[in-house]
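Student: Structure for this input, please:
(2 chains)
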Number of protein chains: 2
Amino acid sequence: MKPSIPKGTRDFSPAEMAKRNYIFDTIRSVFYTFGFQPIETPAMENLSTLMGKYGEEGDKLLFKVLNSGNFLEKIDASQTLTPNLSPLTLNHLAAQLCEKGLRYDLTVPFARYVVMHRDEITLPFKRFQMQPVWRADRPQRGRYREFYQCDADIVGTDSLLCEVDLVQMIDTVFRALGIRVAIHINNRKILSGIAEVIGQADKLIDITVAIDKLDKIGLENVNAELAEKGLPADAIAKLQPIILLSGTDDEKLATLRTLLAASETGMKGIEETEFILRTARQTLALTPNPSPLTQELVLDLTLARGLNYYTGAIFEVKALDAEMGSISGGGRYDNLTGIFGLPGVSGVGISFGADRIYDVLTQLDLFPAAATRGTRVLFVNFGDAEAAYCLPLLSRLRAAGHAAELYPDAAKMKKQMAYANALGIPYVVIVGQDEMSTDRLSVKDMQTGQQSSLTIDELIAML
Amino acid sequence: MKPSIPKGTRDFSPAEMAKRNYIFDTIRSVFYTFGFQPIETPAMENLSTLMGKYGEEGDKLLFKVLNSGNFLEKIDASQTLTPNLSPLTLNHLAAQLCEKGLRYDLTVPFARYVVMHRDEITLPFKRFQMQPVWRADRPQRGRYREFYQCDADIVGTDSLLCEVDLVQMIDTVFRALGIRVAIHINNRKILSGIAEVIGQADKLIDITVAIDKLDKIGLENVNAELAEKGLPADAIAKLQPIILLSGTDDEKLATLRTLLAASETGMKGIEETEFILRTARQTLALTPNPSPLTQELVLDLTLARGLNYYTGAIFEVKALDAEMGSISGGGRYDNLTGIFGLPGVSGVGISFGADRIYDVLTQLDLFPAAATRGTRVLFVNFGDAEAAYCLPLLSRLRAAGHAAELYPDAAKMKKQMAYANALGIPYVVIVGQDEMSTDRLSVKDMQTGQQSSLTIDELIAML
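Tutor: Residues are numbered from 1 along each chain as shown, chains lettered A, B, ... in the order given. Sure thing, here's the model as predicted:
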């Protein structure tokens, strides 16, 4: 039997873990300094919590967990199982077989959390969450069925200072990682205004979904898709100057102010965007920058983001020096907890895509060498007596906070050295009869090959 | 709709997360200093990897994931679904509906990992893994359907120095946490020897499972269970002196040496145990102890541990000052990877039970106050102009590594102060017209109520 793992899932080796932890630790530190606090939610949620929150496509991509025990207990009796039931009957049957599903993102569980724990929470509530999510997507390069999301959200206030805070936080994270990025910003209210002034308010989702694809499929195909969705030619024509708007951000906003004058929502979106851009730019300009990276903050009207619960500002982050989709994204949603019976709680959040950030850091060779926390000192094992002598010394090193180990077997010297090399252990300590009688250790620097005679205290001082 | 979460699962609030992270961080740090490296494996494993590894009972407790898309695709067509199928037919049907399951522990996925990645791994391989596992157990106080395991294993060597290393590591973890513990140690070979000399070698599992319950159900019931399992009265009689063995560890081992003289396996187990106890005690005696806790290391012949893959030393850790089952356990298994086609890889490991450790620390009030990484400084928000003035100061604090935030709304002072109190924020910065004109901040110490006038540099220096 040759073991394997489910497609779209991954094992992470110590070397990969070191790099992943570097990313998670960096993001987590920034989350903390910005005043966000961690929560965790269960991997399994009730399907009633998850279903209907991610659109029809999302429902299909949920992993469902078979009920424990007699999973046929709740079925309509006497159905005949055949492999060609209609999708509707299949869904119906799945709902009888499964009550639970694996979480699909961290936002819906967070909304559920806020509603369930409303009495314990002080608003505004700034939480972060770093946990895996699962999607039954077709696996492909860079797309996995299990992957981590790193989310930070502020709920319970509609202050635009939160958006500014998130822009700064994005800037801080990517500066810390050494990745130059462009932070794209748009506002759903502007998009709504556009739909309104072209007389297609009910087509907002279709319009944003189509505009979202501009980069990928080009203007012609976007227009074709809009037509296919039922937009009349004159509406599509009216949309063109907006989709292709150019100039500085201020120029764009001025033009929009004219185009959307008739839409209250649109004008509100413009005002919000102006505040966020202005305040974020002022603050970033006055922020002490540990690294000289030039980040960009850009108004991007083609930015729509797929999920339809956003209602205000939306963000997306792109690496400037690597070919990669968005490596971070988010936005404001005015009524996320409404679906769970708690209306009027506005929130805004950002999600960092750990896997894509990993790929960018790899492409740009930006992982620091010191990201690993591997063993620093290996004691060679020459046999029982020598090992017994080494054990308390090993404890001394560890008590001083240094990762150290004794090779467990009295194997050939060559094998033990090969082990040190394979693990990249920088110092090897050799203790034989001479060393035991003088209480001095022979310490080999594996980088230079140099060997020195040190007491345990000298070794600790040197590390 | 009132949202809920599946029974046996939990949400963790920021306050709980801070405590849990204190436990995880402590254990992780010790793992690193002992030379263990992290890996992670997917939440979902193929059911073929999991089934049959945890006994019949374990198979029932696996959470199975419904196949995506048409989950009836692989069923034997034309079965009629009724809620009263036989357990066997139910299992058969589940195997057609589900290919994947949630991991039940970290040991089997680790064995699978070692076999799959045998060509990348340098043996001996010291890995740790801290991830949730899922079991469809009946939820009850202290028993959850989702819980974290913190495992460290060494595979690829049968050196008893590994057992000694693990004993030391257990000692180090619980000293760091401030919990006094007794480390119980036994050896499956001794238990095998016992089964052998009473002529019941094939009843080893029954004997160990029964002996394991001595503490819980008492000698009489253990004997009754042994009889029920088919042990003849004379075998049970022979077993009594062994179950009730007393004296010092050395005395016990001396008695066992006589009783098990006829069993080669038993004698090997005694020899191993003597080496581990002697070496661990010597090393612990010479180890610098940061805390003056008295830990105990005890030979415990009633210790058997439920899982049947152990073949040598077995460990269990009990808190001395709290009523609680074992808070950590492990042992040696000689052939875990054999089930995946790679025989001859011996391993030994230990698993720390985070939930029970959490409960012990709570009972004994041992969580340090400084375990949280909450916001240190809150800027009061008096309006747009004041907020704009505060934002760059906020950045200064954060750049210096201090968690700080600006209240997002210009709410009433009382509300903002209540927020600081609820979150336990120690310093509140008040910036009005006066402060803006003098570039000095009014800083309120929330503990003492004292207010001082500081520059931003003075504030940073004070934190």
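Student: Which segments of chain A make up each domain?
Tutor: As assigned by automatic domain parsing, chain A contains the domains A:29-35+A:104-363, A:373-462.
Student: For residue A:303, the count of nearby residues, please.
Tutor: Using other C-beta atoms under 10 Å in any protein chain shown, residue A:303 has 24 other residues around it. Where C-beta positions appear, they are placed from N, C-alpha and C, glycine not excepted.
Student: Look at the closest residue to it other than its chain neighbours and give its secondary structure.
Tutor: Nearest residue to residue A:303 in three dimensions, chain neighbours excluded: residue A:186, at 4.1 Å (C-beta to C-beta, 6 or more residues apart in numbering or on different chains). State at residue A:186, reduced to three classes by DSSP: H, G, I helix; E, B strand; the rest coil: strand.
Student: Spell out which residues of the stretch 101-250 of chain A are next to chain B.
Tutor: A:102, A:112-113, A:115-117, A:120, A:122, A:124, A:126-127, A:132, A:134, A:136, A:145-146, A:154, A:157, A:159, A:161-162, A:164-165, A:168, A:172 (C-beta under 8 Å from any C-beta of the partner chain).
Student: and the residues you listed, which of them are in helices?
Tutor: A:112, A:113, A:115, A:116, A:161, A:162, A:164, A:165, A:168, A:172 (DSSP state H).
Student: Mind putting those into TSV with neighbour count and pLDDT?
Tutor: As requested, those are exported to TSV (neighbours: other C-beta atoms under 10 Å in any protein chain shown; pLDDT from 0 to 100):
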residue	neighbour count	pLDDT
A:112	25	96
A:113	25	97
A:115	20	96
A:116	19	97
A:161	26	97
A:162	26	97
A:164	26	96
A:165	27	96
A:168	22	94
A:172	25	94
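Student: hang on, the residue nearest to residue A:303 packs against residue A:272?
Tutor: No: taking contacts as C-beta atoms under 8 Å, residue A:186 lies outside contact range of residue A:272: 10.6 Å.
Student: Please enumerate the strands of the stretch 151-300 of chain A.
Tutor: A:181-187, A:296-299 (DSSP state E, counting those that start in this stretch).
Student: Can you name the residues in contact with the longest one?
Tutor: Right, the one you point to is strand A:181-187. Contacts to strand A:181-187, defined as C-beta atoms under 8 Å, 6 or more residues apart in numbering or on different chains, come from residues A:167, A:170-171, A:174, A:269-270, A:272-273, A:276-277, A:295-304, A:312-320, A:326-328.
Student: any idea of the pLDDT on residue A:77?
Tutor: At residue A:77, the pLDDT value in this model is 64.
Student: One more: residue A:217?
Tutor: 89.
Student: Tell me who's in contact with the residue nearest to it when sequence neighbours are not counted.
Tutor: Spatial nearest neighbour of residue A:217, excluding adjacent residues (C-beta to C-beta, 6+ apart): residue A:225 at 7.8 Å. Residue A:225 makes contacts with A:210, A:213, A:217, as judged by C-beta under 8 Å, 6+ apart.
Student: are any of those residues buried, and which?
Tutor: Neighbour-count burial (16 or more other C-beta atoms under 10 Å in any protein chain shown) is assigned, among these, to residue A:210.
Student: Can you report how many residues lie near residue A:234?
Tutor: Counted with other C-beta under 10 Å, residues neighbouring residue A:234 total 10.
Student: That one and residue A:219, how far apart?
Tutor: Using C-beta to C-beta, to the nearest Å, residue A:234 is found at 17 Å from residue A:219.
Student: For the nearest residue to residue A:212 once chain neighbours are set aside, which three-state class applies?
Tutor: The shortest distance from residue A:212 to any non-neighbouring residue, by C-beta to C-beta, 6+ apart, is to residue A:304 (4.0 Å). Under three-state DSSP, the three-state class of residue A:304 is coil.
Student: Kindly list the main-chain dihedrals of residue A:366?
Tutor: phi -110, psi 0 (degrees, to the nearest 10).
Student: Please look at it and residue A:178 and confirm they touch.
Tutor: Yes: using C-beta under 8 Å, residue A:366 makes contact with residue A:178 at a distance of 4.9 Å.
Student: Which positions in stretch A:86-95 come out as buried?
Tutor: A:93, A:94.
Student: let me fix that: stretch A:250-265
Tutor: Buried, per 16+ other C-beta under 10 Å, within stretch A:250-265: A:252, A:253, A:256, A:259, A:260, A:263, A:265.
Student: State the mean pLDDT of that stretch.
Tutor: Rounded mean pLDDT across stretch A:250-265 is 93.
Student: The helix or strand where residue A:129 lies: partners in the sheet, and parallel or antiparallel?
Tutor: Taking DSSP states H and E as the criterion, residue A:129 maps to strand A:125-134. When pairs are called by DSSP bridges, strand A:125-134 turns out to pair with strand A:37-38 (parallel), strand A:146-155 (antiparallel).
Student: tell me, how many neighbours does the one residue in the stretch 201-350 of chain A that gets nearest to chain B end up with?
Tutor: The nearest approach of the stretch 201-350 of chain A to chain B comes at residue A:286, 3.6 Å away (C-beta to the nearest C-beta). If you count neighbours by other C-beta under 10 Å, residue A:286 ends up with 13.
Student: How confident was the prediction at the nearest residue to it once chain neighbours are set aside?
Tutor: Leaving out its chain neighbours, the residue that sits closest to residue A:286 by C-beta to C-beta, 6+ apart is residue B:392, at 3.6 Å. Per-residue confidence (pLDDT) for residue B:392: 93.
Student: Doesn't residue B:392 lie inside a strand?
Tutor: No: the assignment for residue B:392, made by three-state DSSP, is helix rather than a strand.
Student: and the gap between it and residue B:341?
Tutor: 62 Å.
Student: what's the closest non-adjacent residue to residue A:149?
Tutor: Per C-beta to C-beta, 6+ apart, closest to residue A:149 is residue A:106, 5.0 Å.
Student: burial count for that neighbour?
Tutor: By other C-beta under 10 Å, neighbour count at residue A:106 equals 27.
Student: Let me know whether it touches residue A:351 as I believe.
Tutor: Yes: counting by C-beta under 8 Å, a contact exists between residue A:106 and residue A:351, whose distance comes to 7.3 Å.
Student: Overlap in contacts, those two.
Tutor: A:149, A:151.
Student: Return the angle between stretch directions for the helix ranked longest in chain A and strand A:181-187.
Tutor: As assigned by DSSP H, the longest helix anywhere in chain A is helix A:264-286. Angular relation of helix A:264-286 and strand A:181-187 on a 0 to 180 degree scale: 150 degrees, by axes from the mean of the first three to the mean of the last three C-alpha atoms, to 10 degrees.
Student: in helix A:264-286, what's buried?
Tutor: A:265-270, A:272-277, A:279-280, A:283-284.
Student: what's the answer for stretch A:21-36, then?
Tutor: Using 16+ other C-beta under 10 Å as the test for burial, stretch A:21-36 gives A:21-24, A:26-36.
Student: Just the closest of these to residue B:406, please.
Tutor: Set against residue B:406, the nearest of these by C-beta to C-beta is residue A:35 (8.8 Å).
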